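[1] This is a predicted model, with the sequence first.
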Amino acid sequence: MNPPVPRAVPTRKPGRGNLLSALALALSFAAAAIPASAQYPTKPIRIIVPFPAGGTADIMARVVGQKMTETWGQQVLIDNRSGAGGNIAAELAAKSVPDGYTLFLCTVGTHAINQTLYGKLPFDPTKDFSAVAYIAGVPNVVVVHPSIPVRSVKELIGFIKARPGQINFGSPGTGSSVHMSGEMLKVLAGLDMTHIPYKGNPQAVTDLMAGQIELMITNMPSVIPYIQSGRLRALAVTTKARSPALPDLPTMEEAGLPGYESSAWFGLVSPAAVPRDIVSKLNAEVMRIVGLEDVKRNLASQGAYPLVMTPEEFGAFMKAETAKWAKIVKASGARAD
C-alpha cells in the first residue's frame with residue numbers, strides 16, 4: 001500500500017488589513033526610535049517667573065527667552081506669577097504637563113531658601129523638578145535712601161543700633177535672597193530691624209526711593225540706574241569679590257563685616273518627567289545664549305555673571321545652596337508661617 005501523498009498547504013496572501021497593521025507597527029517602532037528633542041520645539045514655550053515684571057528674575061527670563069525665539073522661531077512667553085515667596089509659581093510649574101513647553105525661572109529663594117523657611121511646601125523642589133540650566137548669579141548691594149546720614153556699612157550698623165526696632169528693610173518677598181541678606185546682616189551685626197515684604201522688587205525699590213523704608217540689600221540689576229542717578233546710595237556689595245559693574249564699592253568683608261557673603265542666582269528648571277533629551281537640548285541652548293558677546297555685555301553691565309553648568313552640575317549646586325541657606329535661616333529664626 002502506497003503511503004498517502006501529502007497535500008500542499010495553500011499559502012495565504014496577506015490581506016490589506018494585515019499589511020496596514022504591519023505598517024502601523026513599523027511606523028510606531030520608528031517613531032519610538034526618534035528622540036523627543038528632534039523636532040522640539042514645535043509650539044510656544046512658557047517660562048513661569050515667580051516675581052513681577054521689571055525685577056531681576058523677569059530680566060533674566062526675557063534675556064534667555066528672546067534669544068530662544070530667535071533661534072527656534074517659536075515664541076517664548078513670560079508668565080509672571082508672584083506671591084508666597086515664589087511658591088505659587090513654583091507649584092504651578094511643578095504640576096504642569098512635563099513636555100518641555102513649560103519651564104520655571106528658579107531662584108535661590110524658590111529652590112534653596114524656602115525649603116527651610118516654610119514649614120511645608122506644596123511641591124518638592126528636588127523631586128518635582130529637573131535641573132535644566134544655570135543662567136547667572138547676581139551680587140546683592142546694600143542701598144539706603146539718600147536722607148539716611150550714613151556712607152559706610154560701619155556707619156549704617158551704628159545708625160541701626162541707635163534705633164532698635166525703628167529701621168525697616170524691604171524685599172521682593174519672604175524667602176528671597178534680598179530678605180535673607182537682611183536677616184544675615186541682623187545675625188552677624190546683632191541688629192534689631194524689621195523686614196517689610198513686598199509683592200516684587202520694583203515695588204520695594206519704589207518705596208525705598210520714596211523714603212517709605214530706609215534700607216535694602218537687593219539684586220544689583222534692579223538698582224544700578226538709581227545708584228548712578230543718585231536716587232539711592234550704595235554702601236557695599238555682598239559677594240566675596242568686588243563687582244566690575246560698581247568697582248568702587250567695597251565688599252561687606254572689606255567694609256568690616258567678616259563672614260558676610262550673599263548673592264542671588266537664577267536658572268531654569270522643568271517638571272521632573274520632561275524627557276532627558278529635551279532637558280539636554282534646553283541646557284545647550286541656554287549655555288550658547290549666555291556665551292554670546294551681546295548677552296555677556298548685557299549681563300555684565302548689570303553686575304550679573306553667567307556660569308556654564310550641565311543639568312547634573314546645576315542640580316548639585318542647588319543642593320549645596322539649600323544646605324548653606326538652611327543654616328542661615330535657622331540662625332536668624334526667620335519663619336514664613
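    Happy to help now that I have it.

[2] So G137, which state does it fall into?
    strand (DSSP: H, G, I helix; E, B strand; the rest coil).

[3] From what I see, it and E261 are in contact.
    No - counting by Cβ atoms under 8 Å, G137 sits too far from E261 to count as a contact (11.8 Å). For glycine as for every other residue, the C-beta is placed from the backbone atoms N, C-alpha and C.

[4] all strands for this protein, in order.
    Applying DSSP state E to the chain gives strands spanning 45-49, 76-80, 102-107, 129-144, 168-171, 194-197, 215-219, 233-237, 263-271.

[5] right, so of those, which gets closest to A284?
    A284 lies closest to strand 129-144 among the strands of the chain, at 8.6 Å (Cβ to Cβ).

[6] Break the chain into its domains for me.
    The chain breaks down by automatic domain parsing into domains covering 45-137+264-332, 139-237.

[7] count of residues packed around R163?
    12 (other Cβ atoms under 10 Å).

[8] quick one, what contacts it?
    If a contact means Cβ atoms under 8 Å, 6 or more residues apart in numbering, then R163 has no contacts.

[9] again, but for L232
    Contact analysis of L232 by Cβ under 8 Å, 6+ apart lists 143-146, 205, 208-209, 223, 226.

[10] same thing with S262?
    By Cβ under 8 Å, 6+ apart, the contact set of S262 is 140, 177, 180-181, 184, 217, 238-239.

[11] any chance of the residues you listed in CSV, with distance to P35 and pLDDT too?
    Listed next are the contacts of S262 as CSV, based on distance: Cβ to Cβ, whole Å; pLDDT from 0 to 100:
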residue, distance to P35, pLDDT
N140, 40, 94
S177, 36, 88
M180, 40, 92
S181, 42, 94
M184, 45, 93
I217, 45, 97
T238, 42, 95
T239, 40, 92
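
[12] Farthest pair within these?
    Checking the contacts of S262 with Cβ to Cβ, the most distant pair is M180 and T239, at 14.6 Å.

[13] More neighbours: which of the two?
    M180 (27 against 22).

[14] Setting aside sequence-adjacent positions, which residue approaches the more buried one most closely?
    Closest residue in space to M180, ignoring its immediate chain neighbours: I113 at 5.7 Å, by Cβ to Cβ, 6 or more residues apart in numbering.

[15] what number of residues lie near that neighbour?
    Using other Cβ under 10 Å, I113 is surrounded by 29 other residues.

[16] any low-confidence regions in this protein?
    Flagging of the chain using pLDDT under 70 yields the residue ranges 1-34, 337.

[17] run the last query once more with 50
    Applying pLDDT under 50 to the chain flags the ranges 1, 6, 9, 30-31.

[18] which helix in it runs the most residues?
    If you go by DSSP state H, the chain has its longest helix at helix 311-332.

[19] That helix to strand 102-107, inter-axis angle?
    50 degrees (axes from the mean of the first three to the mean of the last three Cα atoms, to 10 degrees).

[20] helices or strands next to helix 311-332 in the packing?
    Helix 311-332 sits against helix 114-117, strand 129-144, helix 177-189, strand 263-271, helix 276-290, with contacts defined as 3 or more Cβ pairs under 8 Å, 6 or more residues apart in numbering; DSSP states H and E.

[21] could I get the ones you listed as TSV with distance to P41?
    Below are the helices and strands packed on helix 311-332 laid out as TSV (distance: least, Cβ to Cβ, whole Å):
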stretch	distance to P41
helix 114-117	29
strand 129-144	14
helix 177-189	31
strand 263-271	13
helix 276-290	9
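
[22] quick one: which of the ones you listed is nearest Q74?
    Closest to Q74 of those is helix 276-290 (Cβ to Cβ; 11.6 Å).

[23] I'd like to know which elements the closest one is packed against.
    Using 3+ Cβ pairs under 8 Å, 6+ apart, helix 276-290 is in contact with helix 56-72, strand 129-144, strand 263-271, helix 293-301, helix 311-332.

[24] export it as CSV, just CAs?
    Provided in CSV are the C-alpha atoms of helix 276-290 (Å, rounded to 0.1, in the frame of the first residue of the first chain):
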residue,chain,number,x,y,z
ARG,A,276,16.1,64.0,29.2
ASP,A,277,17.0,64.7,25.6
ILE,A,278,14.7,67.8,25.7
VAL,A,279,16.4,68.9,29.0
SER,A,280,19.8,68.5,27.3
LYS,A,281,18.7,70.5,24.3
LEU,A,282,17.5,73.3,26.5
ASN,A,283,20.7,73.3,28.5
ALA,A,284,22.8,73.5,25.4
GLU,A,285,20.7,76.4,24.1
VAL,A,286,20.9,78.4,27.4
MET,A,287,24.7,77.8,27.6
ARG,A,288,25.0,79.1,24.0
ILE,A,289,22.9,82.1,24.8
VAL,A,290,24.9,83.2,27.9
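
[25] My read is that the residue nearest to M180 contacts V178, right?
    No - the criterion here is Cβ under 8 Å, and I113 misses it with V178 at 10.7 Å.
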